[in-house]
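Novice: Predicted coordinates and the sequence they were generated for:
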Amino acid sequence: MPFFRYRSLDEIVAEVERLGLSEQIKFADKVNELLKPLKVGERKIWNSLGYHPMEGCDGTSDGRPSALTWRRYERFASGGGALIWFEATAVTPEGRANPRQLCLTDETAKDFEALLNMVRKVHKEVFGEERILCGLQLTHSGRYCFEKPVIAYHDPALDKKRGIPPDYPVISDDELDRLQDAFVQAAKLAWKIGFDFVDIKQCHRYLLNELLAAKTRKGKYGGSLENRTRFAREVIQRIRDETDGKLMIATRLNAYDGPAFDSTGKPMEYPRPFLYGFGCDENDPLAMDLSEPVQWAKELVQLGVKLINVTMGNPYASPHIGRPFDKPPIDGYEPPEHPLVGVARHFTATAAIKQAVGSQAAVVGTGYSFLRQFLALAGEANKRAGLVDIVAVGRGAIAYPDYVRDLLQHGQLLVNKVCLAVSFCTALMRTKEHPLKQAPTGCVPRDPLYAEIYRRLGLTKRH
Ligand SMILES: Cc1cc2nc3c(=O)[nH]c(=O)nc-3n(C[C@H](O)[C@H](O)[C@H](O)COP(=O)(O)O)c2cc1C
């Protein structure tokens, strides 16, 4: 029985009440504020809706966008969302999470430029004016690098999940210093190409997020909050200096990591105090303690960050936290909580960060896709209450790229186009049936192209 079986707003409101989440999840009666223009830094964009970074695992083997990547961004460009957050792009070839992840280097820069120019052109053709904000997510995948994991410290549960032995070497301070250069170099390239902003990615337990939780690491990148945030701080300062403050800097930030979960959906054993997660209550890591994320967000705006995209969880160890779902991914588990509890957790964390940074930065909210046709009404309520500035969708972006156009045209989202949160997109990313141990990903229920890839891989029978 799926969790989501609400045919009307009244039904989902009743469920929210039954779960005791009425304080966290509210719905407006119609969408209005989200469709108004908004200023982000010095830029004015035409609405407060957007697309989260969504990898398609479809780059070329040397990290350039492919025809499928172009197709995805063309759909976003004509879909109406004003914020287009280009997907995870590695700053070095070794930092890629999969063999088809994009990678920005001198050699691939021209291909990114062409992709970006296409997005701006298509948007202008469809909407008459170009009033969007396009940014690129810069990443190093850390322990999730597909060639060779790079770990900042030993995390017992995450090491176990990935089969990392206790004597596996930890990246040194010198190597981290050098890696800063790669982020700065990639940011300058992105600026040259014409991106409006770069995202220094600190989420989903990739390297910079792992560093935020490096409480057990020795040396200048571990221990105190000041040390754990050093890498991102120095990178941001250097990008600011080397672009004369002209490139907007954003960050996608995990406000809460949570503990790792096993294949049955139970938290893996953890020590107390729990020293392996950012934003976690050390005595009960299943609960958030947002004091450090709030403190860091306040510092980020002092450093000049103008856009903070709040997210959480680890897609490999706690997928239900990051993307509340109805049906688990093939490497996942049945949700250990009602997905609306997960949505409420996202809204709570985003509101706390928004409250901390005030008008100094625009805050983007995550975790909306589970709400299907009601997501924009929840976003509108959050926006009206000042709990978020921009509402973006992740899975909803690939299921329903033209969701903003429909909102403009029909005043609501169409039930037969929304994301179903059934994790087929993740199944494609992680399938062992493909020679590359992954397939290009997109929305299986809503996009025939991916339904066909899914069928051809024989996944229909398994999932
Ligand atoms: C197929 C797929 C690709 C994703 N790619 C990225 C990515 O490149 N960068 C990132 O920060 N998050 C990525 N995410 C996470 C989403 O951006 C988003 O945080 C998550 O799906 C929850 O939002 P939603 O409820 O709107 O889907 C990805 C998620 C999926 C399912």
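Specialist: Received, thanks.
Novice: can you list the domains in the chain?
Specialist: Per automatic domain parsing, the structural domains of the chain span 19-419, 423-463.
Novice: For Val235, give me its contacts.
Specialist: The contact partners of Val235, taken as C-beta atoms under 8 Å, 6 or more residues apart in numbering, are 180, 183-184, 187, 200. From N, CA and C alone the C-beta is placed, and that goes for glycine too.
Novice: Can you classify it as helix, strand or coil?
Specialist: helix (DSSP: H, G, I helix; E, B strand; the rest coil).
Novice: The one 10 residues further on too?
Specialist: In the three-state summary, Gly245 is assigned as coil, counting by three-state DSSP.
Novice: Follow the chain on from the lengthiest helix in the chain and name the next helix or strand.
Specialist: The longest helix of the chain (DSSP state H) is helix 173-193. As assigned by DSSP states H and E, the chain's next helix or strand after helix 173-193 is strand 197-200.
Novice: Give me the helices and strands touching that following strand, please.
Specialist: If you count contacts as 3 or more C-beta pairs under 8 Å, 6 or more residues apart in numbering; DSSP states H and E, strand 197-200 packs onto strand 133-139, helix 173-193, helix 230-242, strand 248-256, strand 307-312.
Novice: could these go into CSV alongside distance to the ligand?
Specialist: Output for those, formatted as CSV (distance: least, C-beta to the nearest ligand atom, whole Å):
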stretch, distance to the ligand
strand 133-139, 6
helix 173-193, 15
helix 230-242, 15
strand 248-256, 5
strand 307-312, 5
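Novice: Which among those is found nearest to Arg96?
Specialist: Of all these, strand 133-139 sits nearest to Arg96, with 8.7 Å by C-beta to C-beta.
Novice: That closest one: how far from the chain's middle?
Specialist: Relative to its chain's centre, strand 133-139 lies at 11 Å (C-alpha atoms, centre = their mean, to the nearest Å).
Novice: Check which residues of the helix or strand just after that strand are buried.
Specialist: Using DSSP H and E, the helix or strand that follows strand 133-139 in sequence is helix 156-162. Of the residues in helix 156-162, 157-159, 161 count as buried by neighbour count, 16 or more other C-beta atoms under 10 Å.
Novice: Nearest to Pro285, out of these: which one, please.
Specialist: Using C-beta to C-beta, Ala157 is the member of these that lies nearest Pro285, at 10.3 Å.
Novice: From start to finish, how long is stretch 197-215 in a straight line?
Specialist: Taking C-alpha to C-alpha, to the nearest Å as the measure, stretch 197-215 stretches 30 Å from start to finish.
Novice: ignore the last one, stretch 142-156
Specialist: Terminal residues of stretch 142-156 lie 16 Å apart, using C-alpha to C-alpha.
Novice: quick one: it to chain centroid distance?
Specialist: Relative to its parent chain, stretch 142-156 has a centroid offset of 19 Å by C-alpha atoms, centre = their mean.
Novice: May I see the buried residues of that stretch?
Specialist: Within stretch 142-156, the residues that count as buried by 16+ other C-beta under 10 Å are 142-146, 149-155.
Novice: Let me have the buried residues of helix 156-162 in a markdown table, extended by pLDDT and distance to Ala287.
Specialist: Below are the buried residues of helix 156-162 laid out as a markdown table (pLDDT from 0 to 100; distance: C-beta to C-beta, whole Å):
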| residue | pLDDT | distance to Ala287 |
| --- | --- | --- |
| Ala157 | 98 | 17 |
| Leu158 | 98 | 19 |
| Asp159 | 98 | 24 |
| Lys161 | 96 | 22 |
